[in-house]
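K.L.:
3D, please:
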Amino acid sequence: MLIGLGVRDVVLIERLDLAVGPGLTVLTGETGAGKSILLDALGLAAGARADAGLVRSGAAQASVTALFAPPPSHPAWTLLDARGLAYEPGEDLVLRRQLSADGRSRAFVNDQATGVGVLRELGALLLEVHGQHEAVGLLDGRNHRALLDAYGRLEPDSAAVRAAWAEQGAAREALEALRTQAARAAADAEVLADRLAELDRLSPREGEEAALAEERALLASAEKALADIETAREATAGSAVSSRLGQALRAIERARERALAAGAAGEGAAVARLSEAAAALDRALVENQEAAAAVEAAAAAFEFEPDRLEKAEERLFALRAAARRLGIGVDALPSARAQAAEALRALESTDDALRGAEARTRAAEAAYEEAAAALTRGRRNAAERLDAAVAAELPPLKLDKARFRTTVEPLAPDRAGADGADRVEFRISTNPGAPFGPLGDIASGGELARLSLTLKAALAERGDPGAFPAVMIFDEVDQGVGGAVADAVGLRLRRLAERGQVLVVTHSPQIAARADAHWRISKSGGERAATAVEPLTPAAREEEIARMLAGAEITDAARAAARALIRA
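P.N.:
Alright, predicted model coming up:
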């Protein structure tokens, strides 16, 4: 809702501060008093094209500040977020525009400098102007679909279409990613197969390089080692050493027995020494036998096949060559083999994954088409109801020759999207037999303003209040009408004001009488003419409506008629 307007040095307005209330506010005054200046000023704050001629003569610059109080859910706050403009929850929204006499313009939102384009975007969300030469919002065909959906209360269907569109997009994206992956894998399949075949032939094992290197070094020195082992074998093997040790042991044992037979004490020194010598010889005989066995074992360990070294070297060189080709270490060959096998298995399963993704994509596309078709049916039903509602509103507003039609046409398949598969447009024929055309083709400004009111009134009967802007402005909506038609216009403006804030510039007393607030615009004479805006008290309002009824001389009868209109 617009809650305040401040104007400085705009055309004939030197200084003006207005508090704007809810409901229907009318602006009246003599022709030429400057009623349109207020609308021009408000348009300037809402990002309209700036003209240096709007700067008051003698002033350096003009300035307009419009103060709004949108609800927390209003899209204006989302736009501020998108444009990086700061705000505090619950605060008012202040649009300010400065225009220099040289034509330069500056824009501010909540005292933050921004571009005029941002003001224009916000203005489109907060204001809707219906005048003799413009019907911003209704003339823009891009808005017709949303207005029809609001009228038909099709938000559940619209939400289903948006969800189905998102699901379809995700499914298509996943399918495309799989196709790219499959194409890349197919290109690598031959390389992977060759690599796996080579690694399968090699069959590399963990730690094999170190084991082969050690074996190679050992085999290279095996010949000399075997010669040394043979010498040791000759020294320890056979019966020579064992025979001599056995002879010595038997000789010592005989000597011990003779000493004992000669009467030597068993624990005597001689017998003890002979016992120690016998024990030592016995140990030597045993250890010699163990040594000979160990030498034999060592010799057996060095008994290699004649080409064992050559085979070990060939194996080691083959592993290292494979590792170089792959750009990895020999120790990584086993894992490379496993990875190649896994990649080939994945490639083999890609077809299954592709078939699954294609099936999911077809299902998502079918779901979107079904949801879009349901929304299309809802829009066509709503269009029929809206056409009937507008047709009923036209005769009371002296538009009985006009015909209104809401077209719901299919979009090209590649143009369908999150909003469905329809192009929605409001079209009008102003004379019998004339073809239907866009709303903006209407020649008469008064017809355009009244048609806008008609359409808004019809939409308001069923539409979501959130679909209406913060304030709607009607300029000269009563042009060329009076009496019962003007009263019908006033009645519809009043109904519309129950859904949103409405400002009306009017010459009609029937319309003025239905207002919640009444401003009188007047212009003072003299060398420096100036426009003033006066909010009227109930008594002053009655007098102003009487003036509108009677003209220059206000009679008691005019005052009585004014009171009757206000009470009606």
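K.L.:
show me where the stretch 1-150 of the chain has helices.
P.N.:
Ranges of helices in the stretch 1-150 of the chain, per DSSP state H, counting those that start in this stretch, are 35-45, 75-82, 116-126, 144-152.
K.L.:
counting contacts, what elements does the shortest one pack onto?
P.N.:
Right, helix 75-82. Based on contacts counted as 3 or more C-beta pairs under 8 Å, 6 or more residues apart in numbering; DSSP states H and E, the elements that helix 75-82 packs against are helix 116-126. From N, CA and C alone the C-beta is placed, and that goes for glycine too.
K.L.:
tell me which other helices or strands the helix it packs on touches.
P.N.:
helix 35-45, helix 75-82, strand 93-100, strand 105-109.
K.L.:
ok, for N381, nearest residue in space, not its chain neighbours?
P.N.:
If the residues on either side of it in the chain are set aside, N381 comes closest to G152, at 6.9 Å by C-beta to C-beta, 6 or more residues apart in numbering.
K.L.:
list the contacts of that neighbour.
P.N.:
Residues in contact with G152 (C-beta atoms under 8 Å, 6 or more residues apart in numbering) are 378-379, 381-382, 385-386, 462.
K.L.:
do a quick rundown of the strands in the stretch 101-250 of the chain.
P.N.:
Secondary structure of the stretch 101-250 of the chain (DSSP state E, counting those that start in this stretch): strands located at 105-109, 112-114, 127-130.
K.L.:
winner for burial among those strands?
P.N.:
With neighbours taken as mean count of other C-beta atoms under 10 Å, the strands of the stretch 101-250 of the chain reach their highest mean count in strand 127-130, at a mean of 25.
K.L.:
could you export it as PDB, CA atoms only?
P.N.:
Once non-C-alpha atoms are left out, strand 127-130 reads as follows in PDB (Å, rounded to 0.1, in the frame of the first residue of the first chain):
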ATOM      1  CA  LEU A 127       1.700   0.400  -9.000                       C
ATOM      2  CA  GLU A 128      -0.700  -0.200 -11.900                       C
ATOM      3  CA  VAL A 129      -1.800   2.800 -14.000                       C
ATOM      4  CA  HIS A 130      -4.900   2.800 -16.100                       C
END
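K.L.:
D92 contacts I3, correct?
P.N.:
Yes. Proximity of D92 to I3 meets the contact threshold set by C-beta atoms under 8 Å, at 7.0 Å.
K.L.:
which one's more surrounded, those two?
P.N.:
In this comparison of D92 against I3, neighbours counted by other C-beta atoms under 10 Å, the higher total goes to I3 at 18 against 13.
K.L.:
gap between that one and V94?
P.N.:
With the distance defined as C-beta to C-beta, to the nearest Å, I3 ends up 10 Å from V94.
K.L.:
give me the common contacts of the two.
P.N.:
67-68.
K.L.:
returning to that earlier point: out of the strands of the stretch 101-250 of the chain, which gets nearest to G43?
P.N.:
Of all the strands of the stretch 101-250 of the chain, it is strand 127-130 that lies closest to G43, at 7.1 Å by C-beta to C-beta.
K.L.:
what's the span of stretch 474-482, first residue to last?
P.N.:
Its start and end residues considered, stretch 474-482 measures 16 Å (C-alpha to C-alpha, to the nearest Å).
K.L.:
give the closest residue to the residue nearest to the spatial centre of the chain in space, chain neighbours not counted.
P.N.:
Here the mean C-alpha position of the chain is nearest to the C-alpha of A166 (C-alpha atoms, centre = their mean), at a distance of 10.9 Å. Nearest residue to A166, sequence neighbours excluded (C-beta to C-beta, 6+ apart): A418, at 7.3 Å.
K.L.:
now for that neighbour, how many residues are close by?
P.N.:
Considering only other C-beta under 10 Å, A418 is surrounded by 14 other residues.
K.L.:
and it, how far from K311?
P.N.:
When A418 is compared with K311 (using C-beta to C-beta), they lie 70 Å apart.
K.L.:
repeat that for L285.
P.N.:
43 Å.
K.L.:
I'd say R315 and L212 touch.
P.N.:
Yes. Counting by C-beta under 8 Å, R315 touches L212, with 5.9 Å between them.
K.L.:
remind me, longest helix of this structure?
P.N.:
In the chain, with assignment by DSSP state H, the single longest helix is helix 333-393.
K.L.:
run the chain-centre distance for that one.
P.N.:
The offset between the C-alpha centroid of helix 333-393 and the centroid of the whole chain comes to 19 Å, using C-alpha atoms, centre = their mean, to the nearest Å.
K.L.:
what's the angle between it and helix 144-152?
P.N.:
Orientation check (axes from the mean of the first three to the mean of the last three C-alpha atoms, to 10 degrees): helix 333-393 against helix 144-152 gives 70 degrees.
K.L.:
what's across from G417 in the sheet?
P.N.:
Counting by DSSP bridges, G417 forms beta bridges with G420.
K.L.:
what about it, neighbour count?
P.N.:
Around G417 sit 14 other residues, with neighbours defined as other C-beta under 10 Å.
K.L.:
hmm, it is touching W165, no?
P.N.:
Yes. Taking C-beta under 8 Å as the definition, G417 is a contact partner of W165 at 6.4 Å.
K.L.:
mind exporting the helix or strand in which L493 is found as PDB, just the C-alpha atoms?
P.N.:
For L493, the element it lies in under DSSP states H and E is helix 483-497. What follows is the C-alpha trace of helix 483-497 in PDB, where atoms were taken according to Å, rounded to 0.1, in the frame of the first residue of the first chain:
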ATOM      1  CA  GLY A 483     -25.200   9.800 -14.900                       C
ATOM      2  CA  ALA A 484     -25.900   6.100 -14.500                       C
ATOM      3  CA  VAL A 485     -22.700   5.100 -16.300                       C
ATOM      4  CA  ALA A 486     -20.600   7.200 -14.100                       C
ATOM      5  CA  ASP A 487     -22.400   5.700 -11.100                       C
ATOM      6  CA  ALA A 488     -21.600   2.200 -12.400                       C
ATOM      7  CA  VAL A 489     -17.900   3.200 -12.700                       C
ATOM      8  CA  GLY A 490     -17.900   4.500  -9.200                       C
ATOM      9  CA  LEU A 491     -19.500   1.300  -7.900                       C
ATOM     10  CA  ARG A 492     -16.900  -0.800  -9.600                       C
ATOM     11  CA  LEU A 493     -14.100   1.400  -8.300                       C
ATOM     12  CA  ARG A 494     -15.500   1.000  -4.800                       C
ATOM     13  CA  ARG A 495     -15.600  -2.800  -5.200                       C
ATOM     14  CA  LEU A 496     -12.100  -2.800  -6.500                       C
ATOM     15  CA  ALA A 497     -10.900  -0.700  -3.600                       C
END
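K.L.:
list the contacts of that helix.
P.N.:
Under the criterion C-beta under 8 Å, 6+ apart, residues 22-24, 393, 396-398, 450, 453-454, 456-457, 460, 472, 474, 477-478, 481, 502, 504, 508-514, 516 lie in contact with helix 483-497.
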